[in-house]
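Chemist: Below are the sequence and a predicted model; questions follow.
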Amino acid sequence: MSVSTTDISIRKVEKSRISEIDPAEIHFGINYSDHMLIAYYENGAWQKPEIMPFHNLSFSPATTFFHYGQAIFEGVKAYKDPQGNPIIFRPYDNWKRMNRSAERMAMPDVPEEIFVEGMRALVDLDRDWVPVGAESSLYIRPFMLAVDEFIGVRPAEKFMFIIITSPAGPYYNHPVSIYVQDKYVRAFPGGIGFTKAAGNYGMSMYPTMQIKKMGYDQILWTDGFEHKFVQEIGTMNVFFVIGDKVLTPDITQDTILEGVTRDSVITLLREKGITVEERPINIDEIEEAHKNGQLKEAFGTGTAASIAPIYALTYHDDKMVLPPLDQWEISNWLKKELADIRYGRKEDTHNWIVRL
């Protein structure tokens, strides 16, 4: 199909709700913008997308995604440049990743014209909802649901693709404390760990709830065979600065989400001449580096979290506390470099920015 922003049907709200939002009280995932986009897939084809007022949805109790978890999503952000114009960071990469998730979950590809052009039209319509404060952004949540009204176990035939947006402040407003998980397992090779499927996050809720009771912010998952090789943090990819190198788990086993921010970080580091190793990382190696004073920094990366410094990692009884943040050269530089690109304060030499 071929869809442009002019082909998208738009029904506007009678009155915006933006005046109800206090810019000083923006928190992640609480408030939602005036409009949403919906497109239906049925009879083997996508129908014309529509932007309409944000509203609740109604489903039959027999709807497929309730029962079998055929649901995937993405996370994208829009920022305002110094001139006040909205810009979206790397939406084409999120579109490609969503379709990788869709293939694995037996769901149809979402056309670029619906995902990217629909997103552009939606953000343009709600451009006043893109906040301008430091570390603030408009979080964009595209997602797809299987909506057959049928409770037999089979791949669905009808789907809904939806985009909603939400003004957001920082996801983590403090350095995080991480618990290295060696009991529960997030993903095995051959599974769906590389997708942004809803079930990946649902199964993590109970272990995360348990470690939060212990005083930690998030889990660093390990492999399911030896519980030794680190994978990813609940909402982020993970990086370690050991000596003069930056290490991050490789994605060849399909157990780790191929993060857009992860890729951005690797690109920027290598351009700066910093050695980045993408490979299996044993937790014993991290412990040894900490004991030798070589573990200089650790941080998570993600669309929601951006660059999240890790101040401590706990593995069994070993609490590995990292040096003070003001000594962190690499992650502090990365955070500023990424922010300058995302907010349009620096030339985008990678074609990462999509302007409206």
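Modeler: Okay, I see it. Numbering: from 1, shown residues only.
Chemist: just the strands in the stretch 151-300 of the chain please.
Modeler: Assigned strands in the stretch 151-300 of the chain, in chain order: 159-168, 176-180, 218-222, 230-233, 237-242, 245-248, 275-278, 295-302 (criterion: DSSP state E, counting those that start in this stretch).
Chemist: Dump these to CSV, plus distance to residue 18 and mean pLDDT.
Modeler: C-beta: built from backbone N, CA, C; applies to glycine. Shown next, in CSV, are these (distance: least, CB to CB, whole Å; pLDDT from 0 to 100):
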stretch, distance to residue 18, mean pLDDT
strand 159-168, 9, 97
strand 176-180, 31, 96
strand 218-222, 32, 97
strand 230-233, 33, 96
strand 237-242, 33, 98
strand 245-248, 39, 98
strand 275-278, 41, 98
strand 295-302, 27, 97
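Chemist: Dump those strands to TSV, plus mean neighbour count and distance to residue 324.
Modeler: Listed next are those as TSV, based on neighbours: other CB atoms under 10 Å; distance: least, CB to CB, whole Å:
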stretch	mean neighbour count	distance to residue 324
strand 159-168	22	28
strand 176-180	22	15
strand 218-222	25	21
strand 230-233	25	21
strand 237-242	24	14
strand 245-248	21	19
strand 275-278	14	24
strand 295-302	25	11
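Chemist: Would you mind telling me which of those is nearest residue 15?
Modeler: Minimum separation from residue 15 across the strands of the stretch 151-300 of the chain (CB to CB) falls at strand 159-168, 17.7 Å.
Chemist: Relative to that closest one, what are the paired strands and their orientations?
Modeler: Neighbouring strands of strand 159-168 in its sheet, by DSSP bridges, are strand 35-42 (antiparallel), strand 137-146 (antiparallel).
Chemist: Contacts for stretch 16-36 next, please.
Modeler: Contacts with stretch 16-36, where a contact means CB atoms under 8 Å, 6 or more residues apart in numbering, come from 10, 12-13, 51-55, 122, 125-126, 128-129, 131-133, 136, 138-139, 162-171, 304.
Chemist: Could you tell me which of these count as buried?
Modeler: 51, 122, 125-126, 129, 131, 136, 138-139, 162-171, 304 (16 or more other CB atoms under 10 Å).
Chemist: tell me the domain ranges of the protein?
Modeler: If you go by automatic domain parsing, the domain ranges for the chain are 5-169, 176-342.
Chemist: Could you list the low-pLDDT ranges of the stretch 101-250 of the chain?
Modeler: Counting by pLDDT under 70, the stretch 101-250 of the chain contains no low-confidence residues.
Chemist: tell me the pLDDT at the residue lying farthest from the centre of the chain?
Modeler: Distance to the chain centre peaks in the chain at residue 292, reaching 33.4 Å (criterion: CA atoms, centre = their mean). Model confidence at residue 292, given as pLDDT, is 97.
Chemist: mind checking how far it is from residue 243?
Modeler: 9 Å (CB to CB, to the nearest Å).
Chemist: Same question for residue 175.
Modeler: For residue 175, the distance to residue 243 - CB to CB - is 21 Å.
Chemist: ok, these two, which is more surrounded?
Modeler: residue 175 (17 against 13; other CB atoms under 10 Å).
Chemist: wait, doesn't that one sit right on residue 310?
Modeler: Yes - in this structure, residue 175 is within contact of residue 310 by CB atoms under 8 Å, at 6.7 Å.
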